[in-house]
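Peer 1: Just a sequence and a predicted model for now, questions to come.
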Number of protein chains: 2
Amino acid sequence: MAIASQEVSPARFSAQLRSHALQTRIMDLILERGLDVGDAMPTESELSAELGVGRNTVRESLKVLQALGVIEIRHGFGMFVAPNNFSALVSGLTFRGRLSLRHKGEEAMELIDVRQALESGLIGSAIDLLTDEHLADLRATMEAMEAAAKNGEHLYVHDAEFHRRLYAPLNNELLINLMDVFWQVYRKIHQALGTGPVNLEQQTQDHWDIYEAVANKDKALASERLQRHFDGIRLKLKDVAAS
Amino acid sequence: MAIASQEVSPARFSAQLRSHALQTRIMDLILERGLDVGDAMPTESELSAELGVGRNTVRESLKVLQALGVIEIRHGFGMFVAPNNFSALVSGLTFRGRLSLRHKGEEAMELIDVRQALESGLIGSAIDLLTDEHLADLRATMEAMEAAAKNGEHLYVHDAEFHRRLYAPLNNELLINLMDVFWQVYRKIHQALGTGPVNLEQQTQDHWDIYEAVANKDKALASERLQRHFDGIRLKLKDVAAS
DNA sequence: TTCTAGACATTGGATGTCCCATCTCCTGTA
DNA sequence: TACAGGAGATGGGACATCCAATGTCTAGAA
């Protein structure tokens, strides 16, 4: 006879498990077939037939895999195993940040904290591996930033480029991607809040200071200046959130 | 009753942009309505009507949002704004890692690098904020780990718990979530490779060493022992990948 | 009062249809 | 021969409409 189950219904997640299982099956299929980045996937119909589920169901999973950066979908042509691409995380994290800003902006601050920890913690290793070539790239970025500042243009592109190149010596794509995601999320949140007045010269000078410390291979100074850079960002965010 | 007569823009917009736009519209709708974590979302049909797209299309976007951890879908009941939850990232990153292991396992190594940078870089701040209560929690975890090791059980749970509690003082949920994701991805990759022989005692001792340094508030020592801990993990991974 | 069975709302999934984006290749013209 | 343009094939995008599965809630029975 049926006993009233004391168990907190585990079936509450059963549906998610099934759709998650389908995603996993598709990923396993890629691995089993030895497909590599850029290779073509089976068509939606083929997958639908092969996996024994409807095409709509397959599509839902495929969209998720696309969002996770696993595959790339090209309308009218086909689907392909995607190169590393975390851009999809941006929207999710941005949403989180904006949601949190309605309270006290905690999560947005947490984001800055993580960026700060990652960047100031890794700058030492990056300086160790820095070559003249990397330094020249960095300098070129700074000059472009300065030129943009003089023209009154936004520094977004150059700012992102600077931070990306700063850690290029580490040769860690995952790290670069992660940092890029965090940077973009910060930018989007900042945009959504409405940008206050920006001091382009100050911003450029901050980056020059960091560049200088890096060029002199002064790890401690570089780390400290990065810390201060982020302190400034944090303050600005707090200002905007309070208004 | 179809309100579909709304003529859309000339089909200049790429498909990805359109589906991404739909996801954004749903997220904006949440923000506009002031929904908070745990609140119920409109039903699929309502969204379909409101956004002027078919229910299947809405569902694809909803699944993506679920995968990004934005919403939680409960079969037969409804959809809700989800609490922070990065577990979905795990599958995507795991896939990346396994894909890379077919070549030289670079990405899996990069993952360890990022973990190492994050953890050894942040241990100092964590020690600054460490309270007796946190320390007691940490000790409890270690004792549980030791007990498990004596019984020959896997240490997975306790290992993860240890690293989670180590950084609890920072009070940064995003960070905890990220570390958890990385930890799980590492574990899954390791599992997929087939675990070699594991030395439970050694593993436990490593963690005790770290605990000791933390308990003594010796930041430098803690950071160094964490570094060595990850060096060990990296070596183990290299061994398995080479075979 | 307590427990159970069923109604209901809502998501899960399948199928069929049509639309439209992209690529390939063939043909016609210079 | 070389190149431009268009027709057709391929394949994803969107939608309507079923029915199934499942969690919740309530009415009714013990």
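Peer 2: Looks like it arrived, so ask away. Owing to the predicted nature of the structure, the values given are computational and were not obtained by experimental measurement.
Peer 1: alpha carbons only for contacts and neighbour counts from here, please
Peer 2: Fine.
Peer 1: Dihedrals phi and psi, residue A:224?
Peer 2: When read as degrees, to the nearest 10, the backbone of residue A:224 gives phi -60, psi -40.
Peer 1: which SSE is residue A:72 in?
Peer 2: Here residue A:72 is covered by strand A:71-74, with elements defined by DSSP states H and E.
Peer 1: wait, residue A:80
Peer 2: strand A:78-81.
Peer 1: is that strand anywhere near chain B?
Peer 2: No. Between strand A:78-81 and chain B, judged by C-alpha under 8 Å from any C-alpha of the partner chain, nothing touches; the nearest distance is 10.3 Å.
Peer 1: Buried ones in that strand, by neighbour count?
Peer 2: Under the neighbour-count criterion of 16 or more other C-alpha atoms under 10 Å in any protein chain shown, strand A:78-81 has A:79-81 buried.
Peer 1: which residues touch stretch A:136-151?
Peer 2: A:154-155, A:158-159, A:161-162, A:165-166, A:200-201, A:204, A:207-208, A:211 (C-alpha atoms under 8 Å, 6 or more residues apart in numbering or on different chains).
Peer 1: tell me the mean pLDDT over that stretch?
Peer 2: Averaged across stretch A:136-151, the pLDDT comes to 95.
Peer 1: next one: it to chain centre, how far?
Peer 2: Distance of stretch A:136-151 from the chain centroid (C-alpha atoms, centre = their mean, to the nearest Å) equals 23 Å.
Peer 1: How about stretch A:57-77?
Peer 2: 19 Å.
Peer 1: And that stretch, end to end?
Peer 2: End-to-end span of stretch A:57-77 (C-alpha to C-alpha, to the nearest Å): 20 Å.
Peer 1: Run through the helices of chain A in chain order.
Peer 2: Using DSSP state H, the helices of chain A run over A:14-32, A:44-51, A:55-67, A:87-101, A:106-129, A:132-150, A:156-166, A:173-193, A:200-215, A:219-242.
Peer 1: Buried ones in the fifth one, by neighbour count?
Peer 2: Burial within helix A:106-129, assessed by neighbour count using 16+ other C-alpha under 10 Å, is assigned to A:106-124, A:126-127.
Peer 1: next one: the first one
Peer 2: Buried residues in helix A:14-32, defined by neighbour count with 16+ other C-alpha under 10 Å: A:16, A:19-20, A:22-24, A:26-27, A:29-30.
Peer 1: from those residues, which single one is nearest residue B:41?
Peer 2: residue A:16 (17.2 Å; C-alpha to C-alpha).
Peer 1: if I look at residue A:202, how far off is residue A:29?
Peer 2: Distance from residue A:202 to residue A:29, by C-alpha to C-alpha: 52 Å.
Peer 1: Check residue A:235 too.
Peer 2: 48 Å.
Peer 1: Please tell me which one of the contacts of stretch A:136-151 counts the most neighbours.
Peer 2: Counting neighbours by other C-alpha atoms under 10 Å in any protein chain shown, residue A:166 comes out on top of these with 24 neighbours.
Peer 1: Read off the pLDDT value for that residue.
Peer 2: pLDDT, read off for residue A:166, is 95.
Peer 1: Same question for residue A:37.
Peer 2: Looking at residue A:37, the pLDDT reads 90.
Peer 1: Spatially nearest residue to it, not counting backbone neighbours?
Peer 2: When the adjacent residues along the chain are set aside, residue A:37 lies closest to residue A:81, with 4.9 Å between them (C-alpha to C-alpha, 6 or more residues apart in numbering or on different chains).
Peer 1: next one: residue A:87
Peer 2: Distance criterion C-alpha to C-alpha, 6+ apart; nearest residue to residue A:87, sequence neighbours excluded, is residue A:181 at 6.5 Å.
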